[in-house]
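> Would you be able to build a 3D model of this:
(one chain, ligands or ions: 2)
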Amino acid sequence: MTIRRSLRASLRRVGSATAVGLSVCASAWAAFAITGLGEPEPKPAVLPTLRERVFVDRIDIDAFHKGNLHAHSAESDGDVPPADVYRWYRDHGYAFVALTDHNRRIDPASYAHLERPTFAILPGEEITMTGAGKPVHVNAICHRRKIGGGTFDTKSLALTFALEKIEEQGAIALVNHPNFDRALDLDDLWGARATTLLEIWSGHPYVYSAGVDGRPSHEELWASMLSRGADVFGVAVDDSHHFATNPTAKPARPGRAWIATFASTPDKVTRDGVCNAIRAGQFYASSGAELTRIAVAERTITIRPADPMARVEFIGPGSTVLSASNAAGEGAVYRMRGDEEWVRARIVDSRGEIAWTQPFRTMVREAAPVP
Ligand SMILES: [Zn+2]
Ligand SMILES: [Zn+2]
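Ligands and ions are numbered 1, 2, ... in the order given. Now for the predicted structure:
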């Protein structure tokens, strides 16, 4: 699908939004910020507002598929072959993994024998570029052909190149580790808001997820983008490189951060199903905290963490904490006023581990007749 067609398609869907609805945000509309190779299109005069987006009515999820969207093998700078990476995730309770070697696409079909009914291998590649001498890394997920990296005069040109190449394949873009080498700031990310995903937490110890030298954390960058009106989903990843023993010498270990997709078929995982769930923002991100239920009804959001001692914050635009409570019993419930625009949940368990939901739009338009 071309970029302009996808914009038109998203506008058509906007036209069919229901009178009262809630959803995980959709991102297709944002793709129109990208145009010809290396040529950022002038910013549109009027951005679609959050209230003009696509809405799905309600969800009630109590089964999830855990997966990782950033991992390396010896095909680039990891320390074990691809099969060992796949086996590690499969044998540690993951339902999917994308191997994202630098400028390499490993064909999942070559490793299909390692898949199981509850474990799928996704195509991936870390498009590894420099822009103005800084590292600019963007993962392509669920793509069909290798893209490769490059050297660009500006960070913006690098980001534009990657996002356009990914969009051409109808694949999923994930902008990686903004604070790595202090490379990407909020304005850079705003220029790349056509991305579907942004890395808000990483298990890699050298990318400064929590901020560095006064630079905001990756989570704060994401929150700022959401508050400005970007339609970007936050993900947590391992960026694992080191599966061999000796954790002190080789510190980018697997199993530290992940996403968990909404599992409509808990006992079956398919590549297409996972790709579609990620594309639609049907997942939460985690640095270790787990959720057992996410429910969004007409006027309430319910979050049930696995740890009954976990604290649940409901957060709106401007990083405003709308409410905070402990999750005991059936979970924490937020009652929507209707004017929040969107609400997301941030869960901190008793070990200090975090889970992040995507924003759920709250949209109460003028009442339409109820049939
Ligand atoms: Zn990277
Ligand atoms: Zn990486």
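
> who touches the residue of the stretch 251-371 of the chain found nearest ligand 2 in this structure?
Closest contact between the stretch 251-371 of the chain and ligand 2, by Cβ to the ion, is at Ala252 (8.4 Å). Where you see a C-beta, it was placed from the backbone N, CA and C, and this is true even at glycine. By Cβ atoms under 8 Å, 6 or more residues apart in numbering, Ala252 lies in contact with 203-206, 238-242.

> Tell me the one of those residues nearest ligand 1?
Closest approach between the contacts of Ala252 and ligand 1, by Cβ to the ion: Asp239, at 6.6 Å.

> Which of the contacts of Ala252 are buried, as a PyMOL select command?
Typed into PyMOL, the next command selects the buried ones out of the contacts of Ala252 (criterion: 16 or more other Cβ atoms under 10 Å):
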select buried, resi 203+204+238+239+240+241+242
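
> which of the contacts of Ala252 come close to ligand 1?
Contacts with ligand 1 within the contacts of Ala252, as defined by Cβ under 5 Å from the ion: none are present.

> count of neighbours near Asp181?
Here the number of neighbours of Asp181 (other Cβ atoms under 10 Å) works out to 14.

> hmm, back to that, secondary structure element for the residue of the stretch 251-371 of the chain closest to ligand 2?
For Ala252, there is no helix or strand it lies in under DSSP states H and E.

> per-residue confidence at it?
We note a pLDDT of 93 for Ala252 in this prediction.

> For it, which non-adjacent residue is spatially closest?
Distances taken as Cβ to Cβ, 6 or more residues apart in numbering place His241 nearest to Ala252, at 4.1 Å, with adjacent residues excluded.

> Can you read off the backbone torsions of the one you found?
Phi and psi for His241, reported as degrees, to the nearest 10, are phi -130, psi -30.

> which residues does it contact?
Contacts of His241 by Cβ under 8 Å, 6+ apart are 72, 77-79, 204, 250, 252.

> Recalculate using a threshold of 7 Å.
When contacts are counted by Cβ atoms under 7 Å, 6 or more residues apart in numbering, His241 touches 72, 77-79, 252.

> pLDDT at it, what is it?
His241 is assigned 95 on the pLDDT scale.

> From ligand 2, how far off is it?
Here His241 is placed at a distance of 7 Å from ligand 2 (Cβ to the ion, to the nearest Å).

> Quick one: the helices in the stretch 51-200 of the chain, in order.
For the stretch 51-200 of the chain, the helices defined by DSSP state H, counting those that start in this stretch cover 82-90, 155-168, 186-191.

> tell me which strands and helices the longest one is in contact with?
Here helix 155-168 touches strand 124-131, strand 134-141, strand 150-152, strand 172-175, helix 186-191, going by 3 or more Cβ pairs under 7 Å, 6 or more residues apart in numbering; DSSP states H and E.

> Point me to the helix or strand that includes Ile315.
Ile315 is part of strand 311-316 when elements are defined by DSSP H and E.

> circling back: which one of the helices of the stretch 51-200 of the chain lies nearest to Asn103?
Of all those, helix 155-168 sits nearest to Asn103, with 11.0 Å by Cβ to Cβ.

> could you dump that closest one to PDB, C-alpha only?
C-alpha atoms of helix 155-168 as PDB (Å, rounded to 0.1, in the frame of the first residue of the first chain):
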ATOM      1  CA  LYS A 155      19.500  12.000  11.300                       C
ATOM      2  CA  SER A 156      16.300  13.000   9.700                       C
ATOM      3  CA  LEU A 157      17.400  11.700   6.300                       C
ATOM      4  CA  ALA A 158      18.400   8.400   7.900                       C
ATOM      5  CA  LEU A 159      15.100   8.000   9.800                       C
ATOM      6  CA  THR A 160      13.100   9.000   6.600                       C
ATOM      7  CA  PHE A 161      15.000   6.400   4.600                       C
ATOM      8  CA  ALA A 162      14.300   3.600   7.000                       C
ATOM      9  CA  LEU A 163      10.600   4.400   7.600                       C
ATOM     10  CA  GLU A 164      10.000   4.700   3.900                       C
ATOM     11  CA  LYS A 165      11.600   1.400   3.100                       C
ATOM     12  CA  ILE A 166       9.700  -0.300   5.800                       C
ATOM     13  CA  GLU A 167       6.400   1.300   4.700                       C
ATOM     14  CA  GLU A 168       7.100   0.200   1.100                       C
END
